[in-house]
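Student: Provide a 3D model corresponding to the input given below.
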Amino acid sequence: MTKKIKVITCATIASLSLSTVATIFTVYANSLPNAQAQSTIDVTRAAGEFRVEPNRQIFFYPANGGNPVRVYDGTQRALAIVSYNGAIYTAFENGGIYRSRDGQNLGGGGSTTRLYLGQKVVAMLACRGGLYTAFDGAGIYYSRDGQNPGGGGSTRKVYDGTQLVRKMLCDRGSGINGTDSVITTFNGGGVYKSPDGNNLGGGGNTERLN
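Tutor: Below is the predicted model of the structure:
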């Protein structure tokens, strides 16, 4: 079954370029433990969507009905695709995370760079002016510049517990001083709301919602 990944951008990949990203959505592959497919997420009008085909190739389908563009033809399964800060970030099952500035060559090549190789990703989210990445080793990291998603540089660890993430959401305008909150659902059933983007599993200003 084809998996659809909705992405909001200010321009479509039909022109083979990306401009500033308005916001981001993530879809997890069905093979991820404890993850929930979110292919129906559609909060606002999207410029197009990425579709992961059964053969694991990825195509971009412009919202204007233009011809689809194949942006990945490798053999690895994509676990998450997000758009952030004018680029497309794709996490694959071998633990690699790639950044594509033009929305092409999602698994490497062209102008695409590999940012990380290590643990598998279970969730990615753009919120509060940065990129949140949760790994199957249970850590969650926040990168303001979109670099070093697994730690290092200016990246901060915002959860160091032992539970895995099931889902992460950006709750617009509900954070401190009108900023955004991060809502995180863990595989143990806990749901936490962080109004400052820190302490995603509890503590500080974070509150448990269930």
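Student: and the spatially most central residue of the chain, bridged to which residues?
Tutor: The centre of the chain sits closest to Met124, judged by C-alpha atoms, centre = their mean, with a distance of 3.2 Å. Counting by DSSP bridges, Met124 forms beta bridges with Thr133.
Student: residue numbering should commence at 48 henceforth.
Tutor: Right, with 48 as the first residue, what we last looked at is Met171.
Student: surely it and Thr180 touch.
Tutor: Yes: counting by C-beta atoms under 8 Å, Met171 does reach Thr180; the two are 5.2 Å apart. C-beta: built from backbone N, CA, C; applies to glycine.
Student: for the residue nearest to the centre of the chain, what are its contacts?
Tutor: 73, 127, 129, 136, 138, 178-181, 196, 215 (C-beta atoms under 8 Å, 6 or more residues apart in numbering).
Student: number of residues surrounding the closest residue to Leu164 other than its chain neighbours?
Tutor: Once flanking residues are discounted, Leu164 sits nearest to Gly143: 5.0 Å by C-beta to C-beta, 6 or more residues apart in numbering. Applying other C-beta atoms under 10 Å, we find 19 residues neighbouring Gly143.
Student: cool, and Asn141?
Tutor: 13.
Student: surely it is within a helix?
Tutor: No: going by DSSP: H, G, I helix; E, B strand; the rest coil, the assignment for Asn141 is coil, not a helix.
Student: looking at it, it is touching Gln123, isn't it?
Tutor: Yes: the pair Asn141 / Gln123 is scored as a contact, 5.7 Å apart, by C-beta under 8 Å.
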